[in-house]
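A.B. asks: The following comprises the amino acid sequence and a computationally predicted model.
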Amino acid sequence: MSGLPTSDAAALVSSLSAAAALSIRDVAKSYGAVEALRGVSLDVPNGELICFLGPSGCGKTTLLRIVAGLEEVDRGRILLDGRDLSPIPARQRNFGMVFQSYSLFPNRTAARNVAYGLECRGIDKPNMKQRVADMLALVQLTDQADKLPAQMSGGQQQRVALARALAIDPAVLLLDEPLSALDARVREELRIEIRALQQRLGITTVMVTHDQEEALAIADRIVVMSQGLVEQTGTPRELYETPATAFVAGFVGLMNILPVTQRSDGALEFAGTVLTSGAVSAAQARLVAIRPEAVAIETKPGPGLPARIAQMTYLGNLTRFIAVPDAAPGYSVTIELHAGHQPLAIGTQIGLRFPAASLRVLA
Ligand SMILES: Nc1ncnc2c1ncn2[C@@H]1O[C@H](COP(=O)(O)OP(=O)(O)OP(=O)(O)O)[C@@H](O)[C@H]1O
Ligand SMILES: [Mg+2]
């Protein structure tokens, strides 16, 4: 994106119409006995990039297709800038869409793929040519204009798909796992480009992913979905630091979730060790969560929950250990130590400490 001269860029940005605010109101959808969506509500402000994140089958694609008008609702409404979209068919919603893969027309060149939506709208030839050139420049594919999809890499094909979606000057951009077919490095490059482009154009964007790292990296806000419902909505930081449920805690980043018992004085105990100093106000706390990087370890005898290192994964910048508490062999605690920490062999006896400030009591 950085390759575009700034004057062209400014002209292009101003040529795109102002983005719009999207509202999803109590949307429900069943397929026979399968309740794909069970009442989902959500507001996406103008210019925001929001990610639907959740496991396979939780309803992400169904919700995106409903927003696009490709699927009918059983109940609920989709509003754009306060206007009810239900009477408006998909073709007239002016939404740009990019799918997981293989969505380009195989017998059209990159340029003619980008031109597709413009042809459908009957744009005249000179304007169309200019628009296609602008869009290919925007995704840095000017030199690939005459290639067929089969002659391009996966990353280049998805750039063409993005250019095609943006060419029609969409009110909202809808992306359904646009990066999941790409290898890790290209995926990361392209997600940075998508984010930069989205911010520059200020276009309201909904992106579906089941990759939590991708969602954390790209989104203004994330909607964590599970079984047709919204579990939690928040910024990446909010979800990571203050997950509302065990599901969110376990789905966004790695999380240790430990069963606790609450003593009569209110303190929480796991495997015979008091985890918190003082009473915890949450009534009937049963689970606590702590991130792997927040668990502290002692290699000398002393306080802490006695445990043994059972597994080690060397990841370069950090090493991930799995420790099994002596008093609770059915549980494991994941710990992450940064590079430079002393090596710990499998079988080493350690003491685990759970800093109270890093412990979250889950509902
Ligand atoms: N056309 C359909 N007919 C019948 N069932 C469907 C249809 N589309 C989706 N479903 C069901 O609805 C549920 C939600 O599907 P959806 O495709 O929205 O999930 P998803 O979150 O996008 O999953 P994935 O990450 O695997 O793409 C699933 O149980 C799925 O089997
Ligand atoms: Mg899907």
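C.D. replies: Ah, there it is. Ligands and ions are numbered 1, 2, ... in the order given.
A.B. asks: Val114 belongs to a helix?
C.D. replies: Yes. Under DSSP: H, G, I helix; E, B strand; the rest coil, Val114 falls within a helix.
A.B. asks: Check the gap between it and ligand 1 for me.
C.D. replies: Counting by Cβ to the nearest ligand atom, to the nearest Å, the separation of Val114 from ligand 1 is 26 Å. Every C-beta, even on glycine, is put in place using the N, C-alpha and C of the backbone.
A.B. asks: I'd assumed Leu136 was in contact with that residue.
C.D. replies: Yes. Between Val114 and Leu136 there is a contact under Cβ atoms under 8 Å: 6.3 Å.
A.B. asks: The two: which is more packed in?
C.D. replies: Val114 (31 against 21; other Cβ atoms under 10 Å).
A.B. asks: what residues are up against the residue in the stretch 151-300 of the chain that ligand 1 sits nearest to?
C.D. replies: The minimum distance from the stretch 151-300 of the chain to ligand 1, using Cβ to the nearest ligand atom, falls at His210 (4.7 Å). Taking Cβ atoms under 8 Å, 6 or more residues apart in numbering as the criterion, His210 is in contact with Leu53, Gly54, Pro55, Ser56, Lys60, Glu177, Ser180.
A.B. asks: overlap in contacts of Val114 and Leu136?
C.D. replies: Counting by Cβ under 8 Å, 6+ apart, the contacts common to Val114 and Leu136 are Ala163.
A.B. asks: Can you pull the residues of the chain lying near ligand 1?
C.D. replies: Proximity of the chain to ligand 1 (Cβ under 6 Å from any ligand atom) is limited to residues Tyr31, Val34, Ala36, Gly54, Ser56, Gly57, Cys58, Gly59, Lys60, Thr61, Thr62, His210.
A.B. asks: List phi and psi for the fourth one.
C.D. replies: Gly54 has phi and psi values of phi 170, psi 170 when expressed as degrees, to the nearest 10.
A.B. asks: Can you classify the residue nearest the centre of the chain as helix, strand or coil?
C.D. replies: Nearest residue to the geometric centre of the chain (Cα atoms, centre = their mean): Ala215, 2.3 Å. Three-state assignment for Ala215 (three-state DSSP): helix.
A.B. asks: what sits against it?
C.D. replies: Cys51, Leu53, Thr209, Ile222, Pro236, Val252.
A.B. asks: how about a cut-off of 10 Å?
C.D. replies: 50-54, 191, 207-209, 221-224, 236, 239, 251-252 (Cβ atoms under 10 Å, 6 or more residues apart in numbering).
A.B. asks: what's the spacing between it and Leu201?
C.D. replies: Applying Cβ to Cβ, to the nearest Å, the value for Ala215 to Leu201 is 20 Å.
A.B. asks: All the helices of this protein, in order from the start?
C.D. replies: In the chain, the segments counted as helices under DSSP state H are 6-15, 60-68, 110-120, 125-138, 154-167, 184-201, 212-218, 236-241, 246-251.
A.B. asks: Can you say which of these is nearest to Ala345?
C.D. replies: Nearest of the helices of the chain to Ala345, taken as Cβ to Cβ: helix 246-251 at 28.5 Å.
A.B. asks: List the buried residues in the closest one.
C.D. replies: Ala246, Phe247, Val248, Ala249, Phe251 (16 or more other Cβ atoms under 10 Å).
A.B. asks: what does stretch 328-342 give?
C.D. replies: For stretch 328-342, burial by neighbour count (16+ other Cβ under 10 Å) applies to Ala328, Tyr331, Ser332, Val333, Thr334, Ile335, Glu336, Leu337.
A.B. asks: on that earlier part again, could you export the helices of the chain as JSON lines, including mean pLDDT?
C.D. replies: What follows is those, written out as JSON lines (pLDDT from 0 to 100):
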{"stretch": "helix 6-15", "mean pLDDT": "47"}
{"stretch": "helix 60-68", "mean pLDDT": "96"}
{"stretch": "helix 110-120", "mean pLDDT": "94"}
{"stretch": "helix 125-138", "mean pLDDT": "92"}
{"stretch": "helix 154-167", "mean pLDDT": "92"}
{"stretch": "helix 184-201", "mean pLDDT": "90"}
{"stretch": "helix 212-218", "mean pLDDT": "94"}
{"stretch": "helix 236-241", "mean pLDDT": "94"}
{"stretch": "helix 246-251", "mean pLDDT": "90"}
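A.B. asks: Which of those helices sits closest to Leu85?
C.D. replies: That would be helix 60-68 among the helices of the chain, by Cβ to Cβ, at 8.3 Å.
A.B. asks: So, low pLDDT: which residues of the stretch 201-350 of the chain?
C.D. replies: Residue ranges of the stretch 201-350 of the chain with pLDDT under 70: 276-284.
A.B. asks: residue boundaries of the strands in it?
C.D. replies: Assigned by DSSP state E, counting those that start in this stretch, the stretch 201-350 of the chain shows strands spanning 204-209, 221-226, 229-234, 256-259, 261-262, 268-270, 273-274, 287-290, 296-298, 305-314, 318-325, 333-338, 349-353.
A.B. asks: Let me know which of the ones you listed is tucked in deepest.
C.D. replies: strand 204-209 (a mean of 26; mean count of other Cβ atoms under 10 Å).
A.B. asks: Parallel or antiparallel, list what pairs with it.
C.D. replies: strand 49-53 (parallel), strand 172-176 (parallel) (DSSP bridges).
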